[in-house]
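Engineer: Below: sequence and its predicted model.
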Amino acid sequence: MKLLISAVSTNSLLEFRGGPKSQYAILVGKPLRALDSFTMTFWLRVRNRHSSGYIVSYSVKEHPNIFYLKLEAGSLVIKIYNETLNVGPLMTQENVWKHVTFSWDSKGGKYNVLSDSSKLGQKGAGGHFGSGLLLPASGETTLGARSHYFSNQKNSGRWDAESEEPEQSLQMDLSHFNVWFTVLPVREVRMIMKDCHLKYCGTAIRWTDFRDGTRGAVKLRWPSGVYNRCFGEWTDDEVTCDRYCSVIKGARCREEMIENVHWPRTEVSKTVEVECPGKAKVDGLVATRQCQITPAAGNKGKWAMPVIDACLSSETKEQIIRARDLSQNKLITYDVIFPFLARLINVTKPTASHTPNDLSAYIQVAEFILEFQADRIRNRNWLVERSQNEQSTKLYPNSTDIKVFMAQFVTVFNNLLPGGGNEKAWKLTKPFGQSLVHLFSIMTTFVDIHAGVLLRDVVVERSAPIAANFSQVMSKTSMDQEGGPFLSMAIRMEVHFSNHSSTLRYPREDQLLQGFSETRAIIKKNVWLGKSSLSKKRAFVVTTIFIGNVSEFLPNPAYEREKKPTEDALNSALYLIRFFPEDPSPMVQRDIVTTFSYLSTKNISDSQCFRLQYEKIRKGFVYKFAKQNCVRLHTTISRAMCTCEDSGSFYGVTTDMYDPNWVEEKIVIYFMNWATYFGCAMSALCSLLGFCILVFLRTTSNTSSLHKNTALAVGFAQLSLMCGIDLHEFLIPCRVFTIATLYFILCLFCWMMNQGKKTRVQCTVCDIDRTYTTHNSFS
């Protein structure tokens, strides 16, 4: 059992984010002996299959980077001493794990390059490569970069010319890097690749040897995801341990977190009792679950459905039963939904006493209500006049009913969001963050259901777009001692015609979000005027949903054991931008640009943009912060600007909640003080005043024109400098004023050159006149 736990703990990866920032891992405290043969195996995943950068390098003092494996435009390049071999394209797919093997023997220079245990191209095997050579001992082994120590020793015997080149790190994930002292046969390499139990370790270098050698921006992640292929997607490597333990100790149900309860590992035919979360121990309320043995062959345990009725309040049970009835009864009148929603709004108020199971149950109730609404809208008879529909049995809603439903449902959604008093219940939810993602998925379904209704009101029933649009801004009251309302969410659904020729901005200048004034979204007209499917539609619906501060309740799933990770933590609001009909083609970068205000600006670094990607499985919801195809365009001390290639997801920004270069005292830099402002203002005033005087006197000489243009250049240069000097945090205005200042200074320089030339010409003419006059006097 100890061996298995140790094996699972090694299932990690090193994440290299690429770019010029220094990031690598070195082998610490394990000098290598001289190598005349070896086999190197590792798992590799790249973000861009045409990228370039080092995978591994080896250096000694006399020979910097004597050996390396690197990618050059996607092709694998291998170097030993001065011999270089370009094997050919290695990565044919992006974001897919590939098992790579390189073996070499100095006798005859035989080598073998395998990709997923198959020879890589025509040059994947051969001889006379580094024949008779020997890799010296006690060198430096580096992952993700060329060796830094020896290659930077210019006083060493041989200087590595490659170290003069600017180094770009390869954006990749690297896992299970092992080196053997001998050449392994292909059969054994295939066994290593297909291994699901982590039982193969290198004799020269082990993967775990690099744990203490990470440097710079490289990050160690767990689990790696390499072994998901063994057990299916979205699974943990604990499944491996569970299967082996069931063989050793008998069938058991593995440890799980479901229904906000942590169910321990249990023997079959036993029923486990766990205290209800959020309930006092004196209440004696427990949730129960039985561990059963599977009827199929094998020694496995299978959990029965948990029984958590004791953990729910009587009001919650009644709401679930009523909501399930509504979703299943096709003949009940539509109007009964409104008093039910009014009661649900009352019982879900954040100030009410809730347990985590109550919250999960209310989220399930909201899902049942949406099923009811979707069924009534889908079966609604659109051909019946509204007056006839109102006089009928009212099985289906009209446009007014739908607007009322939307307003009430958004209120329920806002009540269930963390904040305003229900934080304690949210913090007890398990697995942490999954219930919140479930709530977000319900809101996305809500948008999809009602966007079609708004679009039909405009296109079919000829309603005005302004009348069909829906918007609502919700706030909550903080329970802290300081108190006061705060913005929790805002939703806006607008219908636009495809010939709409202007850029959309959310929120508008007169509707800025309280406390998030810098958070906004810009949707350029290329989205529906270009080649996308929206351009082929007569009209479309744009939905934006803003979710306030939920960072404390939505941890990064890459850090499963930490509720408050210090790396890649959510540090912004969430923004959903969704189109109906949905455009399946990817957006062009910068077509949709979202700006996020940081929730915390103190001691943060390395901001990154992401989209919230989730999937429903048997145990609930799994999610991740997907950063692929999301680019950070710009960042300041208070905000980040992002763009992603696709729409329809919640977007946000993560930051590392530390900065090694952070200084607690805020240093305010004053580029100009009152004296310089006064001097620049007087210079501009005098210049513009001189221009006005020359215009007033109606001077028309060439000298007057020179003076007027010079005065204008000086005046405008001083004004643009004064106005733009403090706008360094605002990208676009800063660029505009910088260009203007440089332009006016260049104009000033040109007019001064012109005036200097004119003065020289006049002086030359005067000298000629004086010489001519003197000559005549002598005559």
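Structural biologist: In hand now; what should we look at? Numbering: from 1, shown residues only.

Engineer: Find the nearest non-adjacent residue to residue 707, please.
Structural biologist: residue 694 (6.1 Å; CB to CB, 6 or more residues apart in numbering). For glycine as for every other residue, the C-beta is placed from the backbone atoms N, C-alpha and C.

Engineer: since we're on residue 416, how many residues are nearby?
Structural biologist: 23 (other CB atoms under 10 Å).

Engineer: Give me the distance between it and residue 627.
Structural biologist: Distance from residue 416 to residue 627, counting by CB to CB, to the nearest Å: 28 Å.

Engineer: Surely residue 86 is in a strand?
Structural biologist: Yes - Residue 86 sits within a strand when classified using DSSP: H, G, I helix; E, B strand; the rest coil.

Engineer: What residues does it make contact with?
Structural biologist: 72, 75-77, 123 (CB atoms under 8 Å, 6 or more residues apart in numbering).

Engineer: which one among those gets closest to residue 300?
Structural biologist: Within these, distances to residue 300 taken as CB to CB reach their minimum at residue 76, with 42.2 Å.

Engineer: Dig out what that closest one forms beta bridges with.
Structural biologist: residue 71, residue 88 (DSSP bridges).

Engineer: Next, count neighbours for it.
Structural biologist: Neighbours around residue 76, by other CB under 10 Å: 25.

Engineer: residue contacts, it?
Structural biologist: Counting by CB under 8 Å, 6+ apart, residue 76 has contacts 69-70, 86-90, 100, 113, 120.

Engineer: Quick check: the closest residue to residue 619 other than its chain neighbours vs residue 76, distance?
Structural biologist: Distance criterion CB to CB, 6+ apart; nearest residue to residue 619, sequence neighbours excluded, is residue 258 at 5.2 Å. Distance of residue 258 to residue 76, given as CB to CB: 45 Å.

Engineer: cool, and residue 114?
Structural biologist: For residue 114, the distance to residue 76 (CB to CB) stands at 11 Å.

Engineer: Residues in contact with both of these two, list them for me.
Structural biologist: 100, 120.

Engineer: Please identify, among the contacts of residue 86, the one with the most neighbours.
Structural biologist: residue 76 leads those on contacts (other CB under 10 Å) with 25 neighbours.

Engineer: got the contact list for the residue nearest to the spatial centre of the chain?
Structural biologist: Residue closest to the mean C-alpha point of the chain, counted by CA atoms, centre = their mean, is residue 610 at 1.5 Å. Contact analysis of residue 610 by CB under 8 Å, 6+ apart lists 625-627, 630, 651-654.

Engineer: likewise residue 97?
Structural biologist: Here residue 97 is in contact with 43-45, 173, 175, 225-226, 229 (CB under 8 Å, 6+ apart).

Engineer: Sort out which of these are buried, if you could.
Structural biologist: Neighbour counting with 16 or more other CB atoms under 10 Å marks 43-45, 173, 175, 225-226 as buried within the contacts of residue 97.

Engineer: what's the most distant pair in those residues?
Structural biologist: 44 and 225 (12.8 Å).

Engineer: Can you give me the neighbour number for the closest residue to residue 503 other than its chain neighbours?
Structural biologist: Counting by CB to CB, 6+ apart, the nearest residue to residue 503 once its immediate chain neighbours are dropped is residue 524, at 5.2 Å. A count of neighbours around residue 524, defined by other CB under 10 Å, yields 17.

Engineer: Was I right to think residue 524 contacts residue 591?
Structural biologist: Yes - at 5.0 Å, residue 524 and residue 591 qualify as touching, with contact defined as CB atoms under 8 Å.

Engineer: Any figure for the gap between residue 449 and residue 438?
Structural biologist: Distance of residue 449 to residue 438, computed by CB to CB: 17 Å.

Engineer: do residue 213 as well
Structural biologist: Applying CB to CB, the value for residue 213 to residue 438 is 40 Å.

Engineer: so who does residue 631 touch?
Structural biologist: By CB under 8 Å, 6+ apart, the neighbours of residue 631 are 589, 609, 642-644.

Engineer: Restricted to strands, list the residues you listed.
Structural biologist: 609, 642-644 (DSSP state E).

Engineer: so which one among these has the lowest pLDDT?
Structural biologist: Lowest pLDDT of these: residue 644, 85.

Engineer: picking up where we left off before, please convert the contacts of residue 86 to TSV, extending it with pLDDT.
Structural biologist: Listed next are the contacts of residue 86 as TSV, based on pLDDT from 0 to 100:
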residue	pLDDT
72	89
75	89
76	91
77	93
123	70
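
Engineer: Closest one to residue 196 out of these, please.
Structural biologist: Residue 196 has its nearest neighbour among the contacts of residue 86 in residue 76, at 26.2 Å by CB to CB.

Engineer: re the thing from before, beta partners of the residue nearest to the centre of the chain?
Structural biologist: What pairs with residue 610, by the bridge criterion (DSSP bridges), is residue 652.

Engineer: from now on call the first residue 55
Structural biologist: Happy to do that; since the first residue is 55 now, the last one works out to residue 664.

Engineer: separation between it and residue 630?
Structural biologist: 13 Å.

Engineer: Next secondary structure element downstream of the host helix or strand of residue 464?
Structural biologist: Element membership for residue 464, per DSSP states H and E: helix 453-470. Downstream of helix 453-470, the first helix or strand assigned by DSSP H and E is helix 477-481.

Engineer: Could you pull out the buried residues of that next one?
Structural biologist: Buried residues in helix 477-481 (16+ other CB under 10 Å): 479-480.

Engineer: just checking, next helix/strand downstream of that helix?
Structural biologist: Scanning forward in sequence from helix 477-481 by DSSP H and E, the next helix or strand is helix 488-513.

Engineer: any idea of the mean pLDDT for that next one?
Structural biologist: 89.

Engineer: Against which helices or strands is the helix or strand that that helix is followed by packed?
Structural biologist: Using DSSP H and E, the helix or strand that follows helix 488-513 towards the C-terminus is helix 519-522. Secondary-structure packing of helix 519-522 (3 or more CB pairs under 8 Å, 6 or more residues apart in numbering; DSSP states H and E): helix 488-513, strand 539-551.

Engineer: which stretch among these comes nearest residue 598?
Structural biologist: Nearest to residue 598, of the helices and strands packed on helix 519-522 and by CB to CB, is strand 539-551 at 5.1 Å.

Engineer: Paired strands for that closest one, with orientation please.
Structural biologist: Here strand 539-551 is paired, per DSSP bridges, with strand 524-531 (antiparallel), strand 593-601 (antiparallel).

Engineer: Please enumerate residues in contact with the first one?
Structural biologist: The one in question is strand 524-531. Residues contacting strand 524-531 (CB under 8 Å, 6+ apart): 404, 457, 460-461, 464-465, 468, 471, 473-474, 504, 508, 537-548, 568.
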